[in-house]
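Engineer: Give me a model of this one.
(chains A and B)
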Amino acid sequence: MIRLFHEIVAFATWYNAVFLVEAGARTLLLSASGCLCGFLLGFLLAVLRHTVGRTLLPLRILGVLYTEVFRRIPFLVTLFLVFYAFQALNMDVPLFWIAVVSTCVIGTAYLSEVVRAGFAAVPRAEWDAATTMNFSLFQTLHHVVVPQAWRTIVPPAFAFFLSFIKDSALASQIGVVELAYAGKVFNNRGLPPSIAFGSVLLAYFVISYPLAKAGARVEGRLALSRAH
Amino acid sequence: MPYLELTDLSAAYGGKTVLAGVSLALERGEIASLIGPSGSGKSTLLRVLVGLLTPSAGCIRLDGKAVDIAHAGTVRELRNRFAIVFQQYNLFQNMTALRNVMIAPLKVKRWPREDCERDARRLLAQVGLGDKLHAYPDQLSGGQQQRVALARALALRPEVLLLDEVTSALDPELVTEVLDAIRVLAADGMTMLVVSHEMGFVREVSSQVVFMADGRSIEAGPPAQIFDAPSTQRARDFVGKIIRH
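Structural biologist: Presented below is the predicted three-dimensional model:
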């Protein structure tokens, strides 16, 4: 017990604290930027799937293919795919950005399905009414569908973001110094695993818990608010 | 020359034929009612006319001009002239009654906001909902929602109003208020194509009744002819059943 106390004191240096905070920030930034970018692209993909006519048919098929493929590939594999794709293109991109792009690739596939489900939750009858009144697809989405669909979209989209904070640990496999990697670094420096990974565990909790609480509050408000 | 003329209109949905040759001629100011058993294609015909379903064969002529409904621009033009009221009202749940009525004139037609709002208020008052302007659809009864839907369709100033079983989803005591609103329109000379199971109403307001079965128009004529002396066996059977009940 006393030994553990001494180890904690030895660990609690300014340098280690900064290293851990930086790693935590990288974890949060990686998940947030990847998910945000994924949400925007996923939204566009969901809209694309609602277009009609032959001109955009090839794009629609590609969109479906993309969603179906990337939802079934593990994040680690996507990371390596993006890593080697950049390498093959002879592009010297920082590892962090490779991880962000990978998150975005996966996020787009998952979140486009979340948005699509949100759109589908708005009764077909309202889409029909808008169509017969000559609303464009954009007008239908803007005035009718999105104001109703966001209640269905926000909770699972936020859950995906939260779960991605944990999944982003896989980015350590390509060398991104995020929280999981920080744990390995501490451990390699000779710190006992209890301290090295215990601090990382605490950092994950500190990031995730307030976000989960905030998410629950938003969900509560959504449930309370009327449909309009 | 009739204002709207349909010739042998056919349509399929999900590989199943739902219209197998409907012919119909409608003059301006006329009210034609479509009657027939469930699944005879009455509602489908209205969905074709507002471009929710593309016909597979046949011809639509409007003002003597053939309409190519497969062409996006033409469908938009058709929707500019026709307005439909659905069985389930199809109101936008995120908007008040007033907003439901003025949204399309404002955003699609791009008419001035003051005009749209004045029109919407007048129409809602006309259907007896002047005091429900700011109510959301889920705060209104079925009959009230359907009257909002009627006002919403009229706000687009259509040349033809298509009514798709507008009283079928309503409780019996609410039917009258909706039918009364339609009677006022009929008296104003609105051209209408009506799908209805309210035979008394059909008989009263229609200038023409079309009996449909199996996706075909079987017999058409003035109400007195279709209800009292139908010439086809199918129509006789159908009318006989209605009168017995």
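Engineer: Residue A:193 against residue A:187, yeah?
Structural biologist: Yes. Between residue A:193 and residue A:187 there is a contact under CB atoms under 8 Å: 5.7 Å. Using the backbone N, CA and C atoms, a C-beta is placed for each residue, glycine as well.
Engineer: Looking only at neighbour counts, state which of those two leads.
Structural biologist: Set residue A:193 next to residue A:187 and count neighbours by other CB atoms under 10 Å in any protein chain shown: residue A:187 wins out with 15 against 10.
Engineer: helix or strand for that one, which one?
Structural biologist: helix A:179-188 (DSSP states H and E).
Engineer: likewise residue B:162?
Structural biologist: Going by DSSP H and E, residue B:162 is in strand B:160-164.
Engineer: neighbouring strands for that strand, and are they parallel or not?
Structural biologist: strand B:82-85 (parallel), strand B:191-195 (parallel) (DSSP bridges).
Engineer: Outside of it itself, list whatever touches it.
Structural biologist: Strand B:160-164 is contacted from outside by B:3-4, B:26, B:43, B:46-47, B:49-50, B:81-87, B:153-154, B:182, B:185, B:190-196, using CB atoms under 8 Å, 6 or more residues apart in numbering or on different chains.
Engineer: hmm, 6 Å instead?
Structural biologist: For strand B:160-164, the surrounding residues in contact (CB atoms under 6 Å, 6 or more residues apart in numbering or on different chains) are B:43, B:46, B:82-87, B:190-195.
Engineer: Then stretch A:168-178?
Structural biologist: For stretch A:168-178, the external contacting residues (CB under 6 Å, 6+ apart) are A:23, A:26-27, A:30-31, A:75-76, A:79, A:83, A:95-96, A:99, A:180-181.
Engineer: next one: stretch A:129-139
Structural biologist: By CB under 6 Å, 6+ apart, the residues outside stretch A:129-139 that reach it are A:140, A:144, B:50, B:76, B:79, B:84, B:90, B:104, B:107-108.
Engineer: Straight-line length of that stretch, end to end?
Structural biologist: With CA to CA, to the nearest Å as the measure, stretch A:129-139 spans 12 Å from end to end.
Engineer: returning to what we had before: how far off strand B:160-164 does the next helix or strand after the strand holding residue B:162 point, in degrees?
Structural biologist: Going down the chain from strand B:160-164, the next helix or strand is helix B:172-187, by DSSP H and E. Helix B:172-187 and strand B:160-164 are oriented at 160 degrees to each other (axes from the mean of the first three to the mean of the last three CA atoms, to 10 degrees).
Engineer: Chain B contacts on chain A?
Structural biologist: When proximity is defined as CB under 6 Å from any CB of the partner chain, chain A approaches chain B at A:125-126, A:128-129, A:132-135, A:139, A:144, A:147-148, A:227-228.
Engineer: Secondary structure and pLDDT added to those, as TSV?
Structural biologist: Shown next, in TSV, are the residues of chain A next to chain B (DSSP: H, G, I helix; E, B strand; the rest coil; pLDDT from 0 to 100):
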residue	secondary structure	pLDDT
A:125	helix	94
A:126	helix	96
A:128	helix	95
A:129	helix	96
A:132	helix	95
A:133	coil	95
A:134	coil	94
A:135	coil	95
A:139	helix	96
A:144	helix	96
A:147	helix	93
A:148	helix	93
A:227	coil	49
A:228	coil	50
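Engineer: one step back: of the contacts of stretch A:129-139, closest to residue B:34?
Structural biologist: The nearest member of the contacts of stretch A:129-139 to residue B:34, counting by CB to CB, is residue B:84 at 13.2 Å.
Engineer: quick one: contacts for the closest one?
Structural biologist: Contacts for residue B:84 were tallied using CB under 6 Å, 6+ apart; they are A:132, B:50, B:162.
Engineer: returning to that earlier point: just the buried ones from the contacts of stretch A:129-139?
Structural biologist: Neighbour-count burial (16 or more other CB atoms under 10 Å in any protein chain shown) is assigned, among the contacts of stretch A:129-139, to A:140, A:144, B:50, B:79, B:84, B:90, B:104, B:107-108.
Engineer: Among these, which ones are in helices?
Structural biologist: Counting by DSSP state H, the buried ones among the contacts of stretch A:129-139 place residue B:79 in helices.
Engineer: For the buried ones among the contacts of stretch A:129-139, give me JSON lines that also has distance to residue B:12.
Structural biologist: What follows is these, written out as JSON lines (distance: CB to CB, whole Å):
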{"residue": "A:140", "distance to residue B:12": "25"}
{"residue": "A:144", "distance to residue B:12": "28"}
{"residue": "B:50", "distance to residue B:12": "17"}
{"residue": "B:79", "distance to residue B:12": "21"}
{"residue": "B:84", "distance to residue B:12": "21"}
{"residue": "B:90", "distance to residue B:12": "23"}
{"residue": "B:104", "distance to residue B:12": "29"}
{"residue": "B:107", "distance to residue B:12": "33"}
{"residue": "B:108", "distance to residue B:12": "29"}
